[in-house]
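Trainee: quick one, structure for this:
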Amino acid sequence: MTSLLDLYCKCNEIKDARKVFDEMPQRDVIANNCMISGLCWSRLTLEAIGLFNNMSKRDVGSWNSLISGLAQNSEGRAGLALFEEMRVEGAEVDVLTMVSVVSICADLAALRNGREVHCLVMKYGFELYLPVGNAVVDMYAKCGCMEDAWLCFRSMPMKNVVSWTALIAGYGKQGQGVEALKAFDAMETGGVRPNSITFLGALYACSHAGLVQEGWRIFNMMVSKYSIAPTMEHYTCMVDLLARSGCFNEAYSFIKRMPIKPDPKLLTAFLSSCYSHKKLELGKIVGKKLIESEPEEAGAYMLLSNFYGIVGDLASVAKVRRLMLDRGIRKEKASTWIEINKTVHSFQSGDRSHPLSEDMYSYLQHLFRKLKINGYVPNTSMVMQNVDEQTKEVIVLGHSEKLAIAFGLISTPPGTRILIVKNLRMCTDCHVVTGLISKIEGREIVARDSSRFHHFKDGLCSCGNHW
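Mentor: From the prediction side, this is the model:
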């Protein structure tokens, strides 16, 4: 019956799996572990936790099933807490445990937790295992520590395409395109064959570093030398690279020559560059195509609305916002987190649930007054609610990234580097304010959003204000 249970779980038929599980005369550890994995795959983590807590006997697979399951459901903080409980109980850990926990630290950018887990990896001798080494490189890269990522990569006794891809993608997310391409060329020289994801990381690196000729070289190599058919993601990177670099005619011609119809993400990337470079007429054409493609992400509609706003087309602004409502598009709730003393604190926009929220808002209000005296004007264009300007400013003040930064500033000694992670793209106003804070407070602030890393120092950002 355990085989049948495993089959139903892997096919995501959780009701049938539960029925088989309940009818089993005896449920051993393997059956329980299988059911925990199945429940997690079906996003029933509370049931999985309940089953785990009621187990009379557990093995390392029990812990691994729940830790990895929580990670898959974006419940990494609960996964870290479970790993801590695992250590307190003295339970055995293995390679899978380490890969799961290191990956959680990477997703949360929980650097202090990640460093501690890395020490455990070395203590147990797991650094020799390729999946663990790859996860550690990826963790440091996603925490914005490329020097550490490189040192770990260099010390790996064996490397595969996943190892190289993690390093290349890490450099790309930091905007370090030259380093990414050096790594790509070194991988080729070493005889490791790049795959589709490797090329995506290399193209992304070219896009965020403005390396147009190198981007064409990588794209043509992928098609001609390695016979890898480009996906929509590869085409999007090329369009983004060309448009970011001001090659709009080339980008538009590239889209026309594509063998597949551009999707909303590609068109949104193109429109973003039209918006940044003030290519108004081309932007109108792209905007029309974007509306026709019926995007499902709220960000596309907000970009469209902002674009029509700068060209003074208020009728189109109203039309876009009405379309968003008619199509039932809801903006994903923004969330930003920060790790302080090994604890990950999460904030949502307008959040006042944190014990130090009063101090955070007080700091931000004082800061806003200081910034306004020096000419700062809050950018409220992204506020979709039909409210007065003062209320819009209050909403912008409470954006999740500002709250996380404020918490970091009041919770750490002067001069401490601050690292925040946002689940969405960093908004324009928060980008401006973060740069100003870095200058006023004399702090280096690193923000990882859904697009890339932003390193703020002395009022400037590594992205060059285009992301």
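Trainee: count residues in the vicinity of the closest residue in space to Ser305 that isn't next to it in sequence, would you?
Mentor: Take Ser305 and drop its neighbours on the chain: the residue closest to it by CB to CB, 6 or more residues apart in numbering is Val320, 4.7 Å away. Quick note: C-beta positions are derived from backbone N, CA and C, even for glycine. Val320: 23 surrounding residues under other CB atoms under 10 Å.
Trainee: so Val320 sits in a strand?
Mentor: No: assigned with DSSP: H, G, I helix; E, B strand; the rest coil, Val320 falls outside any strand and is helix.
Trainee: gap between it and Tyr308?
Mentor: Noted for Val320: a distance of 7 Å to Tyr308, by CB to CB, to the nearest Å.
Trainee: again, but for Asn249
Mentor: From Asn249 to Tyr308 the distance is 23 Å (CB to CB).
Trainee: again, but for Ser450
Mentor: 23 Å.
Trainee: more neighbours: those two, which one.
Mentor: Tyr308 (21 against 12).
Trainee: shouldn't Thr416 be within a strand?
Mentor: No: looking at Thr416 with three-state DSSP, it is coil, so not inside a strand.
Trainee: OK, contacts around the nearest residue in space to it that is not next to it in sequence?
Mentor: Closest residue to Thr416 apart from its sequence neighbours, by CB to CB, 6+ apart: Arg443 at 7.1 Å. Going by CB atoms under 8 Å, 6 or more residues apart in numbering, Arg443 touches 409, 414-418, 437.
Trainee: what's the closest of those to Thr236?
Mentor: Distances from Thr236 to those, taken as CB to CB, are shortest for Ile418 (30.9 Å).
Trainee: looking at this, Val446 is in a strand?
Mentor: Yes: counting by three-state DSSP, Val446 falls inside a strand.
Trainee: and the contacts of Arg443, which are buried?
Mentor: With burial judged by 16 or more other CB atoms under 10 Å, the buried subset of the contacts of Arg443 is 409, 418, 437.
Trainee: pLDDT at Thr428, what is it?
Mentor: On the pLDDT scale, Thr428 is placed at 85.
Trainee: quick one: Gly210 and Gly144, what's the gap?
Mentor: From Gly210 to Gly144 the distance is 21 Å (CB to CB).
Trainee: again with Gly408
Mentor: Distance, Gly408 to Gly144, by CB to CB: 14 Å.
Trainee: likewise Asp22?
Mentor: Taking CB to CB, one finds Asp22 at 47 Å from Gly144.
Trainee: of the two, who's got more company?
Mentor: Neighbours were counted for Asp22 and for Gly144 using other CB under 10 Å; Gly144 has more, 22 against 9.
Trainee: check contacts around that one.
Mentor: Per CB under 8 Å, 6+ apart, neighbours of Gly144: 109, 174, 419, 446, 448, 453, 455.
Trainee: could those residues be laid out in JSON lines, adding neighbour count?
Mentor: Shown next, in JSON lines, are the contacts of Gly144 (neighbours: other CB atoms under 10 Å):
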{"residue": "Ala109", "neighbour count": "24"}
{"residue": "Gln174", "neighbour count": "26"}
{"residue": "Leu419", "neighbour count": "21"}
{"residue": "Val446", "neighbour count": "24"}
{"residue": "Arg448", "neighbour count": "20"}
{"residue": "Phe453", "neighbour count": "27"}
{"residue": "His455", "neighbour count": "17"}
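Trainee: from these, which land in strands?
Mentor: 419, 446, 448, 453, 455 (DSSP state E).
Trainee: Met258: which of those residues is nearest?
Mentor: For the ones in strands among the contacts of Gly144, the nearest to Met258 is Phe453 (29.1 Å; CB to CB).
Trainee: ok, the closest one touching Cys461?
Mentor: No: contact between Phe453 and Cys461 fails when scored by CB atoms under 8 Å: they sit 9.8 Å apart.
Trainee: now the stretch 301-450 of the chain, which segments are flagged as low pLDDT?
Mentor: 381-382, 384-386 (pLDDT under 70).
Trainee: using the three-state scheme, assign His345.
Mentor: Going by three-state DSSP, the secondary structure assigned to His345 is strand.
Trainee: wait, isn't it in contact with Trp337?
Mentor: Yes: in this structure, His345 is within contact of Trp337 by CB under 8 Å, at 6.3 Å.
Trainee: which residues do these two both contact?
Mentor: Ala404.
Trainee: settle this for me: Leu271 is touching Asn306, isn't it.
Mentor: No: with contact defined as CB under 8 Å, Leu271 does not count as touching Asn306 (9.9 Å).
Trainee: settle it for me: which of the two has more neighbours?
Mentor: Set Leu271 next to Asn306 and count neighbours by other CB under 10 Å: Leu271 wins out with 26 against 18.
Trainee: tell me which element the more buried one is part of?
Mentor: Following DSSP states H and E, one finds Leu271 within helix 264-277.
Trainee: name the helices or strands packed onto that helix?
Mentor: helix 232-244, helix 248-257, helix 280-292, helix 298-310 (3 or more CB pairs under 8 Å, 6 or more residues apart in numbering; DSSP states H and E).
Trainee: okay, these, which one's buried deepest?
Mentor: helix 232-244 (a mean of 23; mean count of other CB atoms under 10 Å).
Trainee: per-residue confidence averaged over that one?
Mentor: The model assigns helix 232-244 a mean pLDDT of 96.
Trainee: now for Asp59, how many residues are close by?
Mentor: Asp59, neighbours per other CB under 10 Å, totals 16.
Trainee: OK, contacts around it?
Mentor: Contacts of Asp59 (CB under 8 Å, 6+ apart): 29, 33, 92.
Trainee: who are the contact partners of His354?
Mentor: 345, 347, 360, 403, 407 are the contacts of His354 under CB under 8 Å, 6+ apart.
Trainee: same thing but at 10 Å, please
Mentor: By CB atoms under 10 Å, 6 or more residues apart in numbering, His354 lies in contact with 345-347, 360, 403-404, 407.
Trainee: then Leu111?
Mentor: Applying CB under 10 Å, 6+ apart, we find Leu111 in contact with 105, 139-140, 142-145, 148, 339, 342, 417, 419, 446.
Trainee: how much space separates it from Ile104?
Mentor: Applying CB to CB to Leu111 and Ile104 gives a distance of 12 Å.
Trainee: between those two, which contacts overlap?
Mentor: Shared contacts of Leu111 and Ile104, counting by CB under 10 Å, 6+ apart, come down to Met139.
Trainee: number of nearby residues for Gln26?
Mentor: Residues near Gln26, counting by other CB under 10 Å: 6.
Trainee: give me the phi and psi angles of it.
Mentor: Torsion angles at Gln26 (phi, psi; degrees, to the nearest 10) stand at phi -140, psi 130.
Trainee: what of Lys422?
Mentor: The phi/psi pair for Lys422 (degrees, to the nearest 10) is phi -120, psi 140.
Trainee: any idea how far Asn33 is from it?
Mentor: Taken as CB to CB, the span from Lys422 to Asn33 is 35 Å.
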